[in-house]
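**Q** Only the shape, not the letters, is given here:
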C-alpha cells in the first residue's frame with residue numbers, strides 16, 4: 001500500500017468551510033473542533049453528519065454530555081431530521097460500580113467510556129463519526145500523560161476502522177488540560193466576540209491541517225436556521241489585472257467628457273464632497289444609466305433606509321422603481337453592527353458572480369461605522385476592490401468631507417476621484433464638480449457647474465471664466481457668465 005497517495009476529500013456540509021480548507025476534509029482522518037459554549041460546535045458537527053447522509057454514508061453521533069432529546073431539539077431548530085443519523089448517548093458509570101476498583105477511579109471510568117465509544121463505532125462501522133464532547137473522556141483528575149495515551153489508543157483504533165472523525169471539545173481554560181493537537185489531522189477553532197454595541201460576532205480559524213493548503217487567519221460566520229455559514233476572509237488579493245478595455249457612461253455627456261470619455265471597466269471611483277452636494281445622486285445616475293443598458297448594479301446604503309434615496313431621486317426626475325422591480329438595481333440598507341466585513345464582502349462578490357457589473361457603497365463614512373469588528377476599513381476595502389477589479393466590476397464609493405480638498409484616504413483606494421463642491425455667487429449656493437485624479441486614461445482639468453433639477457443632473461460646459469470655484473468663493477475673470 002502506498003501511504004503517500006493523497007486522500008480523497010469529503011465535503012464538510014458547511015457552506016464556505018470547504019473553500020477555506022481548499023477542498024474539504026481528508027477522508028479517514030481525525031479532526032478537532034473546539035470553542036467555548038454557544039459558538040456552534042455541535043451545529044457544525046451535525047452539518048458534517050447530514051452531508052454524509054446526503055451522500056449515502058453511514059453516520060454516527062456519540063453524545064457524551066447531552067441526551068438524544070437535546071440533540072433532536074437542536075436539529076429541529078434548524079429544520080433537520082436525524083432519522084438517518086444513528087445518535088447514541090453514553091452515560092457516566094455510577095460511582096457504586098467503581099467503588100471496589102484497585103485503580104484510580106477516574107482512570108477506570110475514562111477507560112470504560114473510551115471502550116464504550118470504540119464498541120459503538122465497531123458495531124456500526126460508520127463512514128463519519130462525531131464524538132461530542134471530548135472533555136467528557138477526560139479523567140476527573142489532572143493526568144495529561146494518561147489522557148494522551150488514551151487518545152493515542154483511540155486514534156489508532158479509529159484509523160483501523162477507517163472512518164472520518166470529528167471530535168468536539170471546549171476551548172481549554174488557562175492551566176487546564178488541552179486536547180493533544182498533534183494527534184489530530186486538523187484543528188478548527190470557533191470563537192464569539194461580544195461587541196460594545198449590536199449582536200455578538202462569530203469567527204473561526206483553522207489552526208492546522210496536514211497535507212493541504214488552507215486559508216489562514218480568521219473567517220466570519222453566522223448561525224442561522226439551517227446551520228453555520230462561513231464567509232472566507234479576503235486574506236490575500238487576487239492576481240493583479242489591468243482594467244479591461246471599455247468605458248462606462250454616466251448617461252450624461254458632460255460628465256463623461258469630464259472623465260475623458262467615461263469610467264474604465266474594472267476600476268474604482270471615489271465621489272467626495274460635503275453633505276448635500278449630490279454624491280449619492282451621482283452614484284444613482286450611474287446605476288440608472290447601467291440599468292438602461294440592461295446591466296445590473298448593487299447599491300449598499302449605510303446612512304439611510306432604502307426608501308429615502310429612491311424617493312429623493314424620484315423627486316429629481318430619476319425614477320428607479322422600474323429598475324428595482326426588474327432586478328437591474330439591487331438596493332440593500334445595512335444598519336450599525338448588522339454584519340461583519342467578511343459577510344458583506346461575500347454578499348458583494350456573490351452579486352458580482354450573478355452578473356452585477358457595478359457596486360455602490362454609500363457612504364464610506366457609514367460603512368466604517370456600521371461594520372462589526374474585523375480589519376481596518378482601508379485594509380479591507382483594498383482587498384475587496386482588488387477582487388472586484390479581477391472580476392471586471394466597477395466600484396463607486398461616496399465619502400463625506402466637511403472641509404478641505406484632500407480626499408483623505410480615498411486617494412489611494414480609488415482609481416478615479418470626483419470632487420463635488422459648494423460655491424457661492426451673488427448670494428446663491430451653486431454646485432461644481434471636477435476630477436482630481438484618474439489612474440487610467442486622461443481627464444479634463446476643468447470645473448463644471450451642475451444642478452439637480454427635474455430630469456436628473458444637469459451639467460454645464462467648463463467654467464473657464466472663473467477662478468477660485470473650489471475655494472467656494474469664485475472670482476469672475478471674464479469670458480463667461482453664470483445664469
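**A** Cool, the structure landed. Everything numeric in this text was worked out from a predicted model, so none of it was measured.
**Q** Every contact and neighbour count from this point should use C-alpha atoms.
**A** Noted.
**Q** How about residue 368, nearest residue that isn't a chain neighbour?
**A** If the residues on either side of it in the chain are set aside, residue 368 comes closest to residue 377, at 6.0 Å by Cα to Cα, 6 or more residues apart in numbering.
**Q** Within its local environment, how many residues does that neighbour see?
**A** When neighbours are counted by other Cα atoms under 10 Å, residue 377 registers 16.
**Q** Report the separation between it and residue 328.
**A** 28 Å (Cα to Cα, to the nearest Å).
**Q** same deal with residue 264?
**A** 20 Å.
**Q** can you list the domains in this protein?
**A** For the chain, the structural domains run 9-231, 247-419, going by automatic domain parsing.
**Q** Quick one: the helices in the chain, in order.
**A** With DSSP state H as the criterion, the chain has helices at 17-20, 41-54, 68-77, 105-124, 144-161, 253-258, 279-292, 307-315, 321-326, 341-353, 364-370, 377-390, 410-413.
**Q** and the last one, which residues are buried?
**A** By 16 or more other Cα atoms under 10 Å, the buried positions in helix 410-413 come out as 410, 413.
**Q** before we move on, what about the third one?
**A** Residues 71, 75 are the ones in helix 68-77 that count as buried (16+ other Cα under 10 Å).
**Q** on contacts alone, who are the packing partners of that helix?
**A** helix 41-54, strand 85-89 (3 or more Cα pairs under 8 Å, 6 or more residues apart in numbering; DSSP states H and E).
**Q** State the pLDDT value of residue 408.
**A** Predicted confidence (pLDDT) for residue 408: 48.
**Q** what do you get for residue 79?
**A** At residue 79, pLDDT is 94.
**Q** residues near residue 85, how many?
**A** Other residues close to residue 85 by other Cα under 10 Å number 19.
**Q** do the same with residue 245
**A** Residue 245 has 8 neighbouring residues, counting by other Cα under 10 Å.
**Q** That one and residue 264 touch, don't they?
**A** Yes: with contacts counted by Cα atoms under 8 Å, residue 245 reaches residue 264, the gap being 7.3 Å.
**Q** So, low pLDDT: which residues of the stretch 51-200 of the chain?
**A** Applying pLDDT under 70 to the stretch 51-200 of the chain flags residues 91-111, 138-146, 172-179, 197-198.
**Q** rerun that using 90 as the cut-off
**A** 64-68, 89-125, 132-162, 170-183, 193-200 (pLDDT under 90).
**Q** still on that earlier bit, of residue 264 and residue 328, give the one with the bigger neighbour count.
**A** Neighbour count, other Cα under 10 Å: between residue 264 and residue 328, residue 264 has more, with 26 against 23.
**Q** which ones are touching the nearest residue to the more buried one once chain neighbours are set aside?
**A** In space, and not counting its chain neighbours, residue 264 is closest to residue 247: 4.6 Å by Cα to Cα, 6+ apart. Taking Cα atoms under 8 Å, 6 or more residues apart in numbering as the criterion, residue 247 is in contact with 261, 262, 263, 264, 265.
**Q** so which of the residues you listed is the most crowded?
**A** Most surrounded of the contacts of residue 247: other Cα under 10 Å gives residue 264, at 26 neighbours.
**Q** separation between it and residue 410?
**A** Taking Cα to Cα, one finds residue 264 at 18 Å from residue 410.
**Q** what do you get for residue 61?
**A** 52 Å.
**Q** didn't residue 456 look like it was pressed against residue 316?
**A** Yes: between residue 456 and residue 316 a contact is recorded at 5.3 Å, counting by Cα under 8 Å.
**Q** okay, the two: which has more neighbours?
**A** Between residue 456 and residue 316, counting by other Cα under 10 Å, residue 456 is the more crowded of the two (20 against 15).
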